[in-house]
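Visitor: Predicted structure and sequence below. I'll ask about it afterward.
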Amino acid sequence: MNALSPLRGRPAAERLATRLLGAGLAAAAYLLFLPWDLRNRAETPGAINETSPVSDADIAFLVATVLALAAYFGLRDRLRWTLPVVAVPPAALLFTSFATHEPPDASIWPVAWAVFVMAGCAVVLAVAGFARQFRVESASARGAGGWSRSA
């Protein structure tokens with residue numbers, strides 16, 4: 001069994017397990033690389049300048065992990081499964097993080113969340129679509145309705 005073989009021809013339990021593992025990895029990457037409370041806060045009490053609790057390296061690692069998962073599922077699975085498996089877990093965790101913390105006076109988190117989610121979903125779909133171009137076509141798959149370059 002090949003780790004890059006199409007999920008379409010695999011048993012239902014294997015497809016479900018692979019998709020759940022992918023969603024779990026996407027959620028784990030979010031939880032590992034981003035703090036729970038993403039609101040800006042002052043470095044010290046009474047300070048005028050605020051700082052973000054997220055470092056550039058954490059964001060880079062999260063983006064790299066999500067893009068790798070998008071490429072993997074774009075190559076291996078149907079394109080329509082990429083968003084629920086790769087993009088939805090981090091988006092749901094981000095929404096939960098914003099919704100469970102007390103908002104500041106002029107909170108724009110719903111707008112920020114929507115922008116981040118739409119941009120993230122677009123990038124995940126673009127990477128998955130690009131990865132689909134590198135699917136390997138076999139003669140038996142072409143005749144059995146399997147992978148094709150146009151699928």
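Guide: Ah, there it is. Owing to the predicted nature of the structure, the values given are computational and were not obtained by experimental measurement. Numbering: from 1, shown residues only.
Visitor: Sort out which residues of stretch 8-25 are buried, please.
Guide: Neighbour-count burial for stretch 8-25, counted by 16 or more other C-beta atoms under 10 Å, picks out R10, R15, T18, R19, G22, A23, L25. Any C-beta I mention is one placed from the backbone N, CA and C, and that applies to glycine too.
Visitor: What mean pLDDT does stretch 53-65 get?
Guide: Taken as a whole, stretch 53-65 carries a mean pLDDT of 89.
Visitor: which of the residues in that stretch are buried?
Guide: L62, T65.
Visitor: could you show me where the strands are in the chain, in order?
Guide: 41-42, 50-51 (DSSP state E).
Visitor: so who does the nearest residue to T18 once chain neighbours are set aside touch?
Guide: With sequence-adjacent residues excluded and distances taken as C-beta to C-beta, 6 or more residues apart in numbering, T18 is closest to L7, at 6.1 Å. L7 makes contacts with E14, R15, T18, R19, R76, D77, R78, as judged by C-beta atoms under 8 Å, 6 or more residues apart in numbering.
Visitor: Equivalent analysis for L93, please.
Guide: L93 makes contacts with A27, Y30, L31, as judged by C-beta under 8 Å, 6+ apart.
Visitor: Please verify my assumption that the first one contacts P90.
Guide: Yes: at 6.8 Å, A27 counts as touching P90 under the criterion of C-beta atoms under 8 Å.
Visitor: Good, we can wrap up now.
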